[in-house]
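*Asks:* Let me see the structure of the following:
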Amino acid sequence: IPRPIEHHPALPPEAPPFRIVYIGRLSSRKGQLALDLIRAVREVARAGHAVELTILGDGSLLRAVRREARASEGAMPPPRVLGRVLEPLAHLRQAHVVVGAGYAALEAAMCGAAVIGAGFKGYGPVDRESALHARGCNFGDTGCDWSPTPENFRAALERLIAAWRDPVERERYWRLDRVLAPIHAIPAVAAQLEALYREALAG
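*Replies:* Now for the predicted structure:
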């Protein structure tokens, strides 16, 4: 049975800044993703884009991530490094793009955010055509060979910033829920459970 996820899609605010949220453990391995993302967003800001970065998660690299965030002062508004939060959905629902993997990325897609899959392996930007494939490898946690380097993060963010301005491309990256909701929305999962119960009772 697929994991049930609340389905509340809503496009993020039209007005700048372009809001980017990273969500994941800031462990010695995955915390490097947050550091590289800060460096990428800094370069995106220097190229003239109005961006805002929020980092959610805790781990051994939290202090290093906060230091890197402070180093961005002057190039852009310093990234907000919030550590562990009890209600990440409030942040995901305001995001234009969520960077993460696994359940966090799936939740973000069901909220209407665009997703850059970045976990142990990396996936990159997810569109409607690749949504099921991305789901199958946990948005880069268990497969794929996209490398989450600062250069690749920057290229992915610049692609999505351009896509946000185009109505056709916006549908491609910001309505992943149309592919995922028939599998993961609570009514869909409940229907599958009911079918299993009926089959068990009939047997």
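*Asks:* Can you pull out the low-pLDDT segments for the protein?
*Replies:* For the chain, applying pLDDT under 70 flags no range at all.
*Asks:* now the helices for it?
*Replies:* For the chain, applying DSSP state H gives helices covering 31-46, 62-70, 89-92, 102-111, 131-136, 150-164, 167-174, 177-184, 186-202.
*Asks:* Check these for me and report the most buried one.
*Replies:* Neighbour counts (mean count of other CB atoms under 10 Å) averaged over each of the helices of the chain peak at helix 102-111, with a mean of 24. For every residue, glycine as well, the C-beta is placed using N, CA and C.
*Asks:* center of this structure, which residue is that?
*Replies:* Against the mean C-alpha coordinate of the chain, by CA atoms, centre = their mean, the closest residue is residue 98 at 2.6 Å.
*Asks:* Pretty sure that one sits against residue 118.
*Replies:* No - if you go by CB atoms under 8 Å, residue 98 and residue 118 don't touch, sitting 9.9 Å apart.
*Asks:* follow-up on the earlier one: can you pull the contacts of the residue nearest to the centre of the chain?
*Replies:* If you count contacts by CB atoms under 8 Å, 6 or more residues apart in numbering, residue 98 has them with 20-23, 92, 104-105, 108, 113-116.
*Asks:* That one pairs with what?
*Replies:* Bridge pairing for residue 98 (DSSP bridges) gives the partners residue 21, residue 115.
*Asks:* what does residue 54 give?
*Replies:* Bridge pairing for residue 54 - DSSP bridges - gives residue 21, residue 80.
*Asks:* ok, it - how many residues close by?
*Replies:* Residue 54 has 20 neighbours, counted by other CB atoms under 10 Å.
*Asks:* That one and residue 146: what is the separation?
*Replies:* Distance, residue 54 to residue 146, by CB to CB, to the nearest Å: 22 Å.
*Asks:* swap in residue 117?
*Replies:* Residue 117 sits 7 Å away from residue 146, taking CB to CB as the criterion.
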